[in-house]
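**Q** This is a predicted model, with the sequence first.
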Amino acid sequence: MNEINPVALFRLSVLGPLISPEQLQRGELQTIIRQLAQREYAIPESDRRMLGEKTIQAWYYAWRKGGIEALVPKVRADRGSSKISATVQEAILAAKRENPRRSINQIERLLVAAGVAPQQSLSRSSVHRLLQQSGLSQMRGSASLPQEKRSFTAEFAGSIWYGDVMHGPRVAIKGQLRKTYLVSLIDDASRLVAHSAFCLGETALDIEGVLKQALLRRGCPVKIIVDNGAAYRAATLQGVCARLGIHLIFCRPYAPEGKGKLERWHRTFRDQFLSELDVRHVADLADLNARLWAWIEQVYHQSPHAGLNGMTPLERYQRDLPRIRSLGAKAVQLDVLFLHRIARFVRKDATVSYLGQRFEVPYELSGKTVRLVVDPHAARVVGVEDAAGVSLGATTPLDLLANIDRTRRKPEPVTDPMFGARSGANLVELAHQKYHGHGHEQVQHTPKSQG
């Protein structure tokens, strides 16, 4: 399965608030686009932090027409060049810097009025690209009202999940105390914990592990709202969500109020679980998680919730079971969706390394760089692919003892009609054949007579 283009994944994440609603209300499209254009982004392959409204709008219509594949950037044949003369370029940039609120139309009128550029000689797209490359494309300084914030609740379970990480207790791992992190996914409408687990990190891999179990246990949500951390923006996590049709939405930086229900879950967790936990009874990480899952199922999911009119999270979730999206046929492929691809160089002995372990691959791949297909959650290598995602064969753990008695494959001799089993010309063999009459013509040899 080919990896999704990282730029396309980024564009899809920007479009989250536009594509997650089942239907946009009249006028809502432009309002959301305007709000998205006011945010800052970590744009791949760019030093810029802002996006223009027309750019976001173009991505939106491209996505509606062709899905995520339509968001893959197309390389321009004239990339890096501009048809605008250097003098006019300087004038455009100076006009924008002098007054950042000037639009492209205003800049064009100014340059025409000043006699710097002939009328209708400037292409709007060319000016826009020039301003973009110089980091001046965003109109700044406009008055803005405070962003309106309103409390809301999803109408049905399975519509929205929230994801976040909080610090957990220290537990003994192989005789050493290690810090843990609680990774959770909670349903908005029912407050049900789709899945939660203590991990030894807060990486994308930890989050993917929790997501995988949540999908198996609670079906497929419509959206998942997370913060802007690097782990949540990992291409692997975004790729899984994209393939499952889950809209991954990122909260605005420094706006934790967007995940109030998850914060409330964390408070309940601290008050009711961590305050009662005696780590002296916890043997290891698995033991800690066993206590966590028992408490969630036996206590938290069974307790009436004030925000649910006295219903328990489990009761509220079960009420919407007919509406929750099941994985369907994708359940069989779920392991495949969570596989990672990592580049590795194949040694001369046809082995590669992964997590300190060596694996054997087909011998023909020696000396080449390939992509290992790995299950990072099980720490095993599934296979090997080329850059296009085509399978190149299987992998097996290296067994040095078994290789002692292993029959080595020898190169097959290449038959040549002129030179026999060995391919390629050889001066000794050529002389031998010519002298003794082998080959295509018999060579007559008469010894000299004795005088």
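**A** That came through fine.
**Q** how's this protein carved up into domains?
**A** Annotated domains of the chain cover 6-71, 86-133, 160-331, 339-404, 411-446 [automatic domain parsing].
**Q** Helix or strand: which one has A387?
**A** Remark: A387 resides in no helix or strand, with elements defined by DSSP states H and E.
**Q** what's it in contact with, if anything?
**A** With contact set as Cβ atoms under 8 Å, 6 or more residues apart in numbering, A387 has these partners: R371. Heads up, the C-betas are built off the backbone N, CA and C, glycines and all.
**Q** Tell me which of the domains of the chain lies nearest to A154.
**A** Distance to A154, taken as Cβ to Cβ, is lowest for domain 160-331 among those, at 4.2 Å.
**Q** what's the span of the closest one, first residue to last?
**A** From its first residue to its last, domain 160-331 covers 20 Å (Cα to Cα, to the nearest Å).
**Q** cool, and stretch 354-368?
**A** One end of stretch 354-368 to the other measures 16 Å (Cα to Cα).
**Q** do stretch 318-336 as well
**A** End-to-end distance for stretch 318-336: 29 Å, by Cα to Cα.
**Q** The closest residue to L321 other than its chain neighbours: which element?
**A** Counting by Cβ to Cβ, 6 or more residues apart in numbering, L321 lies nearest to A157, which is 8.0 Å off, once chain neighbours are set aside. Under the criterion DSSP H and E, no helix or strand holds A157.
**Q** And A157, what's its pLDDT?
**A** A157 is assigned 90 on the pLDDT scale.
**Q** got it, and the one 4 residues further on?
**A** Model confidence at W161, given as pLDDT, is 94.
**Q** ok, A94 to A194 distance?
**A** Distance check for A94 against A194: by Cβ to Cβ, to the nearest Å, it reads 55 Å.
**Q** Which residue of the two possesses the greater neighbour count?
**A** Taking neighbours as other Cβ atoms under 10 Å, A94 and A194 compare with A194 leading, 25 against 12.
**Q** which residues sit in contact with the more buried one?
**A** With contact taken as Cβ under 8 Å, 6+ apart, A194 is in contact with W161, L185, I186, D187, A214, R217, R218, P221.
**Q** Turn these into CSV, columns for secondary structure, neighbour count and distance to K434.
**A** Below are the contacts of A194 laid out as CSV (DSSP: H, G, I helix; E, B strand; the rest coil; neighbours: other Cβ atoms under 10 Å; distance: Cβ to Cβ, whole Å):
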residue, secondary structure, neighbour count, distance to K434
W161, strand, 28, 82
L185, strand, 25, 81
I186, strand, 24, 86
D187, strand, 27, 87
A214, helix, 24, 78
R217, helix, 10, 80
R218, helix, 20, 82
P221, coil, 28, 80
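**Q** Same list as before, those that is, but in a markdown table and with distance to A172 included.
**A** Below are the contacts of A194 laid out as a markdown table (distance: Cβ to Cβ, whole Å):
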| residue | distance to A172 |
| --- | --- |
| W161 | 32 |
| L185 | 27 |
| I186 | 28 |
| D187 | 33 |
| A214 | 27 |
| R217 | 28 |
| R218 | 31 |
| P221 | 35 |
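**Q** all helices of the stretch 351-451 of the chain, in order?
**A** Using DSSP state H, counting those that start in this stretch, the helices of the stretch 351-451 of the chain run over residues 427-436.
**Q** Check the stretch 151-300 of the chain too.
**A** Under the criterion DSSP H, counting those that start in this stretch, the stretch 151-300 of the chain carries helices at the ranges 204-218, 235-243, 260-269, 285-298.
**Q** gap between the first one and the chain center?
**A** Looking back up the chat, that one is helix 204-218. Distance of helix 204-218 from its chain centroid, counting by Cα atoms, centre = their mean, to the nearest Å, is 15 Å.
**Q** got the buried residues for that helix?
**A** Judged by neighbour count (16 or more other Cβ atoms under 10 Å), helix 204-218 contains these buried residues: 204-215, 218.
**Q** Which strands and helices lie in contact with that helix?
**A** With contacts taken as 3 or more Cβ pairs under 8 Å, 6 or more residues apart in numbering; DSSP states H and E, helix 204-218 sits against strand 160-173, strand 176-187, strand 193-199, helix 235-243, helix 334-337.
**Q** Select, out of these, the one closest to P100.
**A** In terms of Cβ to Cβ, the element of the helices and strands packed on helix 204-218 nearest to P100 is helix 235-243, at 32.7 Å.
**Q** Any chance you could list what contacts the closest one?
**A** Under the contact criterion Cβ under 8 Å, 6+ apart, helix 235-243 has outside partners 3-4, 6, 9, 12-13, 68, 204, 207-208, 211, 224, 231, 246-248, 337-338, 340.
**Q** Would you mark the buried spots in the helix or strand bottoming out on mean pLDDT in the chain?
**A** For the chain, using mean pLDDT, DSSP states H and E, the weakest element among its helices and strands is helix 427-436, scoring a mean of 78. Neighbour-count burial for helix 427-436, counted by 16+ other Cβ under 10 Å, picks out E429, Q433.
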